[in-house]
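In: No letters, just coordinates:
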């Protein structure tokens, strides 16, 4: 047995090697393994193709065409990177074959990209139609504006000048949107997308250019008619000032503050005044824009209009809050005398009082609140009289006397 030859191995070789040489060998192996790991991890993000659906993409992109465009461009670039002819990657002594995974990703990516292009095209179509309708509407309204001579009322002149300024402000923004939509459409064409029920961006561009011509004419007319327009706007300024003064005077005399009105009547009055004040406010704002465009002084500050509108909104909140307990009180009043139970009536009135105590401070401190609150408390104080009237000691002759005195 002792003469049998011992098997030869490399077990002790590491002890005979230079430590630096051995460290370099380990380092070389680790580098190859890191490269393999990095290569494998490059494929893992494609798992998102299975994890994410178009619903998530649509929710993320929304109506942001820039985001849609960037996403489609990135998917095209990423798809191109997958088209490498090699199916094996060599890392020193290690060979990684990825033909099967590449084939699966190709199939999924092509399917995902087709869905993405379809969603992108649908979003683009909606944007093209929406902007086309906006531009067409603006062009039509601009064509209807007449600033020459004495045509139209002064208010029409003010509205016309204001609208020209509004379109002029939006003109540049719409132009950038048109360029973006054309760029997006060209991207789909390069990818050979099949369009269906489609409006070409050239039609949108044509309408935009037509609107530009009309806008240029209206701005030129506004400049040529400047002295006349200034006089017309100054006349309208006086008319608006008079309308504001009359409306505010009527508001001061008719605003529902007293407790002799029902909440529904008060709310109706407030609704009528709100419409009138908002109309005057709009007239004033249009007039202010027109005066600014025609180089006229601003004039009225408009603070009185805003104050009246704030007061209307406050009163609406107050009367709306009061309407609920008021309705509860009406239900109590509807009860027939023969069915009345004093304890229940008191309980109903106390519930109304408790509900009113929970009102916000601005409601309880408003002058509308105390008369109604005092009315309910007056009914509570009169419960003694009510109890006496329900007494069995009260005979028919007593009721005749009471009714005779009440008339």
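Out: Sure, I can see it. What you see is a predicted model; the values in this text were computed from it and never measured.
In: element containing residue 229, please.
Out: Using DSSP states H and E, residue 229 maps to helix 226-254.
In: so what secondary structure elements neighbour whatever helix or strand comes next after that helix?
Out: Once the chain leaves helix 226-254, the next helix or strand it forms, by DSSP H and E, is helix 263-293. Helices and strands touching helix 263-293, by 3 or more Cβ pairs under 8 Å, 6 or more residues apart in numbering; DSSP states H and E, are helix 154-190, helix 226-254, helix 303-333. (Each C-beta comes from the backbone N, C-alpha and C, glycine too.)
In: Okay, buried residues for helix 263-293 please.
Out: Going by neighbour count (16 or more other Cβ atoms under 10 Å), the buried part of helix 263-293 is 263, 266-267, 269-270, 273-274, 276-277, 280-281, 283-284, 286-291, 293.
In: sorry, back to before: what's the average pLDDT for the helix holding residue 229?
Out: Helix 226-254 shows a mean pLDDT of 84.
In: buried ones in that helix?
Out: With burial defined by 16+ other Cβ under 10 Å, the residues of helix 226-254 counted as buried are 229, 232-234, 236-237, 240, 244, 247, 251.
In: Now do it and helix 154-190, the angle between them.
Out: With axes from the mean of the first three to the mean of the last three Cα atoms, to 10 degrees defining the directions, helix 226-254 sits at 110 degrees from helix 154-190.
In: residues in contact with residue 41?
Out: The contact partners of residue 41, by Cβ atoms under 8 Å, 6 or more residues apart in numbering, come to none.
In: Return the distance of it relative to residue 102.
Out: Distance, residue 41 to residue 102, by Cβ to Cβ, to the nearest Å: 15 Å.
In: Same question for residue 387.
Out: In terms of Cβ to Cβ, residue 387 sits 95 Å off from residue 102.
In: Show me which of those two is the more surrounded one.
Out: Using other Cβ atoms under 10 Å, the more surrounded residue of residue 387 and residue 102 is residue 102, with 17 against 13.
In: In contact with residue 122: list those residues for me.
Out: No residues are in contact with residue 122 under the rule Cβ under 8 Å, 6+ apart.
In: between the helix or strand in which it is found and helix 154-190, how many degrees?
Out: Assessed by DSSP H and E, residue 122 sits inside helix 99-144. Helix 99-144 and helix 154-190 are oriented at 160 degrees to each other (the same axes, to 10 degrees).
In: Columns distance to residue 145 on top of the helices and strands packed on helix 263-293, output as CSV?
Out: Converted to CSV, the helices and strands packed on helix 263-293 look like this (distance: least, Cβ to Cβ, whole Å):
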stretch, distance to residue 145
helix 154-190, 4
helix 226-254, 12
helix 303-333, 26
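In: Nearest approach to residue 396 belongs to which of those?
Out: With Cβ to Cβ, the closest approach to residue 396 among these belongs to helix 303-333: 24.3 Å.
In: which other helices and strands contact the host helix or strand of residue 15?
Out: Using DSSP H and E, residue 15 falls within helix 13-16. Here helix 13-16 touches no other helix or strand, going by 3+ Cβ pairs under 8 Å, 6+ apart.
In: quick check, distance from the helix or strand following it to the centre of its chain.
Out: Later in the chain than helix 13-16, the nearest helix or strand by DSSP H and E is helix 19-41. Averaging C-alpha positions (Cα atoms, centre = their mean, to the nearest Å) puts helix 19-41 56 Å from its chain's average.
In: Quick check: the two most widely separated of the buried residues of helix 226-254?
Out: Distance extremes for these: the farthest pair is 229 and 251 at 31.7 Å, using Cβ to Cβ.
In: can you tell me which residues contact residue 360?
Out: Residue 360 makes contacts with residue 321, as judged by Cβ under 8 Å, 6+ apart.
In: Same question for the one 3 residues further on.
Out: Shown here is residue 363, whose contacts under the criterion Cβ under 8 Å, 6+ apart are 317-318, 321-322, 369.
In: Quick check: it vs residue 370, distance?
Out: According to Cβ to Cβ, residue 363 stands 11 Å off from residue 370.
In: sorry, back to before: quick one, which of the contacts of residue 363 are buried?
Out: By neighbour count, with 16+ other Cβ under 10 Å, the contacts of residue 363 hold 318, 321-322, 369 as buried.
In: re earlier: who are the packing partners of the helix holding residue 229?
Out: Where contact means 3+ Cβ pairs under 8 Å, 6+ apart, helix 226-254 is packed against helix 154-190, helix 263-293, helix 303-333.
In: isn't residue 230 right up against residue 290?
Out: No - contact criterion Cβ atoms under 8 Å: residue 230 and residue 290 do not qualify, at 9.6 Å.
In: May I have the beta-bridge partners of residue 89?
Out: Following DSSP bridges, residue 89 is listed with bridge partners residue 96.
In: can I assume it is in contact with residue 98?
Out: Yes - between residue 89 and residue 98 a contact is recorded at 6.9 Å, counting by Cβ under 8 Å.
In: Please name the nearest non-neighbouring residue to residue 113.
Out: Closest residue to residue 113 apart from its sequence neighbours, by Cβ to Cβ, 6 or more residues apart in numbering: residue 75 at 5.6 Å.
In: I'd say that neighbour and residue 110 touch.
Out: No - Residue 75 is beyond contact range of residue 110, at 10.6 Å (criterion: Cβ under 8 Å).
In: So, low pLDDT: which residues of the stretch 151-300 of the chain?
Out: Along the stretch 151-300 of the chain, the model assigns pLDDT under 70 to residues 151-154, 259, 295, 298-300.
In: The same query, at a cut-off of 90, please.
Out: 151-166, 169, 180, 183-200, 218-245, 253-264, 280-300 (pLDDT under 90).
In: residue contacts, residue 325?
Out: 352, 355-356, 372, 376.
In: For residue 224, give its distance to residue 100.
Out: 76 Å.
In: out of the two, which sits in the busier spot?
Out: Taking other Cβ under 10 Å, residue 224 and residue 100 do not tie; residue 224 has more neighbours (12 against 9).
In: Residue 75 and residue 110: which has the busier surroundings?
Out: A count of neighbours by other Cβ under 10 Å puts residue 75 above the other of residue 75 and residue 110, at 17 against 11.
In: one step back: now the helix holding residue 229, how far from the centre of its chain.
Out: Worked out by Cα atoms, centre = their mean, helix 226-254 lies 34 Å from the chain centre.
In: Thanks a lot, see you next time.
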